[in-house]
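Undergrad: Quick one, what's the 3D model for this:
(one chain, ligands or ions: 2)
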Amino acid sequence: MGIRITPSILNADFSHLDQEIAKISEVSDLLHLDVMDNVFVPNFTFDFDAATSIIAKSPLPVDSHLMIADVDTLGPAYAHAGSASVTIHAESSIDPVKTLRSIKREGARAGLAFKPGTDIEDYLDIVAEVDMFLIMTVEPGFGGQKFMQSMAEKVRRTRALIGDRPIWLQVDGGISLETIEIALDWGADTFVAGSAVFNAADPAEMVNRLRALVTQ
Ligand code: DX5
Ligand code: ZN
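TA: Ligands and ions are numbered 1, 2, ... in the order given. Alright, predicted model coming up:
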């Protein structure tokens, strides 16, 4: 099973983003870009133009996590802008199959994300459309929150649902040296870490330490 560490820049210094990204670009698999519109979540990060410029400049492939309302329009646009992966939230998509297909048509991997309160059971029939499931282990909106142990069953069920399919299983929220092995044990293979990485004195070393804990 492949393992991926995808640092989130949500807790990085936005005024020196290029330098912040450079700190982790040698040791990370993808750059996790949290897009928030202050509608779907009570926080704002980047509009489409700002995000596009980060995607264009990033030395790492970009994993765009869209916490926005108009995801059916903007999801494919984020793929067209050069994201390696675009993840839409199940809760904000009116037609997830159509949007996931459009994202793939634009050349990106298509991800489907679930807030803590959303059941995956309503989406079992669209597994074949999905390249990555994202199970949130905090309520989306802010970095630095506590990892929700109560997501264990949902992650385990998603792993069972994936079976032999080459679908990534990402966890996002509260991943740290204390929690990453728990999420691995549940079945996750793709790990977002925001504050754990960017609040560390040496972000690259932290990525390496996190990876070491989940790699045999
Ligand atoms: C939360 C974001 C996460 C966040 C993770 O809404 O989707 O990607 O940056 O930050 P930490 O790792 O600090 O929980
Ligand atoms: Zn995220």
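
Undergrad: Average pLDDT for stretch 5-23, rounded please.
TA: What stretch 5-23 shows for mean pLDDT is 96.

Undergrad: quick one: is that stretch near ligand 1?
TA: Yes: applying CB under 6 Å from any ligand atom, one finds stretch 5-23 in contact with ligand 1 at 8, 10-11. (Each C-beta comes from the backbone N, C-alpha and C, glycine too.)

Undergrad: mind listing what's buried in that stretch?
TA: Residues of stretch 5-23 classed as buried by neighbour count (16 or more other CB atoms under 10 Å): 5-12, 17, 20-21, 23.

Undergrad: In terms of helices and strands, where is the residue of the chain found nearest ligand 2?
TA: Residue nearest to ligand 2 within the chain: residue 65 (3.8 Å; CB to the ion). Using DSSP states H and E, residue 65 sits in strand 62-67.

Undergrad: so what does that strand touch, helix or strand wise?
TA: strand 31-36, helix 48-57, helix 71-80, strand 85-89, strand 109-114 (3 or more CB pairs under 8 Å, 6 or more residues apart in numbering; DSSP states H and E).

Undergrad: Give me whichever of the ones you listed is most buried.
TA: strand 85-89 (a mean of 28; mean count of other CB atoms under 10 Å).

Undergrad: Tell me which helix or strand comes right after that strand.
TA: By DSSP H and E, the next helix or strand past strand 85-89 is helix 96-105.

Undergrad: in that next one, what counts as buried?
TA: Neighbour-count burial for helix 96-105 [16+ other CB under 10 Å]: 96, 99-100, 102-104.

Undergrad: same question for that helix, mean pLDDT?
TA: According to the model, helix 96-105 has a mean pLDDT of 98.

Undergrad: can you give me the angle it makes with strand 85-89?
TA: Interaxial angle of helix 96-105 relative to strand 85-89 (axes from the mean of the first three to the mean of the last three CA atoms, to 10 degrees): 170 degrees.

Undergrad: Taking helix 71-80 as reference, get the angle to helix 96-105.
TA: Using the same axes, to 10 degrees: helix 96-105 against helix 71-80 is 10 degrees.

Undergrad: neighbouring contacts of helix 96-105?
TA: Applying CB atoms under 8 Å, 6 or more residues apart in numbering, the external contacts of helix 96-105 come out as 71-72, 75-76, 78-79, 86, 88, 90, 93, 109-110, 112, 123, 126, 129-131.

Undergrad: can you give me phi and psi for residue 153?
TA: Phi and psi for residue 153, reported as degrees, to the nearest 10, are phi -70, psi -40.

Undergrad: Also the one 3 residues further on?
TA: Per-residue torsions, residue 156: phi -60, psi -40 (degrees, to the nearest 10).

Undergrad: Would you mind listing what in this protein touches ligand 2?
TA: 34, 65, 172 (CB under 5 Å from the ion).

Undergrad: how far off strand 109-114 does the strand holding residue 65 point, in degrees?
TA: 30 degrees.
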